[in-house]
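K.L.:
build me a model:
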Amino acid sequence: MKKYNLAASLVCLTLTTISACTPSAPETSTPSVTASSQLTEAPKSTANPDVKSTDKSVMGEAAIWQDYNSEAGKFSVQVPSKPQEQSQEQATDVGTIKLNMLISEANDSGYFIGYADFPSKLANPEDIQKGLADSVKGSVANIKGEVESEKEYLLGEVPCRDFEAIGKVQSTDVLMKGRFCLADKRLYQLFALGSQANLSKTDVDRFINSFKINS
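P.N.:
A predicted model of the protein is given here:
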C-alpha cells in the first residue's frame, strides 16, 4: 500500500495562481499568466455575499479595506478590495484535492488566500513544520526567488509558518510575504505578491495579521 506523502502534497498545493504543480514534474513549473497579470492588470471583481464592506480606510485609489468572512473556509480576513473567488482541482500524492482561492487586488498587487482539505493529517509537530517549510520553498521557487526570512508561528493552537521572499515575475522584481497554516487536515495559504516598488508592507501586515481561523 502506497504511503501518503502529505508533506510533498503541501508543496504542490501552494496557490496555483502562481504555478501549476504535479508530483511527477514539479521542476518544470512556470509562473502562470494569471499570476503575472496580477502585477499589471486589475481583476474584474464580482459581488459576493460573504463580503461586507467596512470602509475602514482608503489606501490609494482602489484600496477600500473590508472584512471577508468565509463560512465554507471557516476563516475571516481583511482585504483591500472585493475579492474574486475560484476553485481548482489539483493532483497530489494523496489524490486529487480541491483548492479554493480568493484573490483581492490593490495598487498593482495581489492578495491571495487559499485552502484545501487532505484525507489524512500529520500528527507529528516536526512533520507539520517541515511540510509548511517545504511549502514556503515551493512557493518561492515559483517566482525564482529567495527566502529572506521565515519563522514558526502559532495562530491560537494552529501551527503556521510566516515568510518573506523576493523574486521575479517575468521581468518584474517582486516581494512575496505570507503565512501558511495547517489546521487538522486543512491547509491555509495566504500571501501578498507585488512589485518591490509598489507593495506596501504596512498593507501586507494588516492583511496577514487580520487572518483568523474560525471554529
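K.L.:
dump the residue contacts of the closest residue to residue 145 other than its chain neighbours.
P.N.:
Closest residue in space to residue 145, ignoring its immediate chain neighbours: residue 167 at 2.4 Å, by Cβ to Cβ, 6 or more residues apart in numbering. For every residue, glycine as well, the C-beta is placed using N, CA and C. Residue 167 makes contacts with 140, 143, 144, 145, 146, 173, 174, 176, as judged by Cβ atoms under 8 Å, 6 or more residues apart in numbering.
K.L.:
lowest-confidence helix or strand of this structure?
P.N.:
helix 33-37 (a mean of 31; mean pLDDT, DSSP states H and E).
K.L.:
what bridges to the residue nearest the centre of the chain?
P.N.:
In the chain, the centroid-proximal residue (Cα atoms, centre = their mean) is residue 190; its distance is 3.1 Å. Beta-bridge pairing of residue 190, defined through DSSP bridges, involves residue 113, residue 179.
K.L.:
so, low pLDDT: which residues of the chain?
P.N.:
Residue ranges of the chain with pLDDT under 70: 1-62, 123.
K.L.:
all helices of it, in order?
P.N.:
All helices of the chain, identified by DSSP state H, fall at 6-12, 33-37, 125-141, 201-209.
K.L.:
rewinding a little: which of the contacts of residue 167 are buried?
P.N.:
Buried by 16 or more other Cβ atoms under 10 Å: 140, 143, 145, 174, 176, out of the contacts of residue 167.
K.L.:
which stretches of this protein form strands?
P.N.:
According to DSSP state E, the chain carries its strands in the segments 51-59, 63-70, 75-79, 84-92, 95-106, 109-117, 146-155, 158-169, 172-183, 186-195, 212-213.
K.L.:
gap between the fourth one and the chain center?
P.N.:
Strand 84-92 has its average C-alpha position 12 Å from the chain's average C-alpha position, going by Cα atoms, centre = their mean, to the nearest Å.
K.L.:
with stretch 159-172 instead?
P.N.:
10 Å.
K.L.:
now do stretch 63-83
P.N.:
13 Å.
K.L.:
what's the most distant pair in the buried ones among the contacts of residue 167?
P.N.:
140 and 174 (10.6 Å; Cβ to Cβ).
K.L.:
test my guess that the residue nearest to the centre of the chain contacts residue 104.
P.N.:
No - the pair residue 190 / residue 104 is not scored as a contact, 10.4 Å apart, by Cβ atoms under 8 Å.
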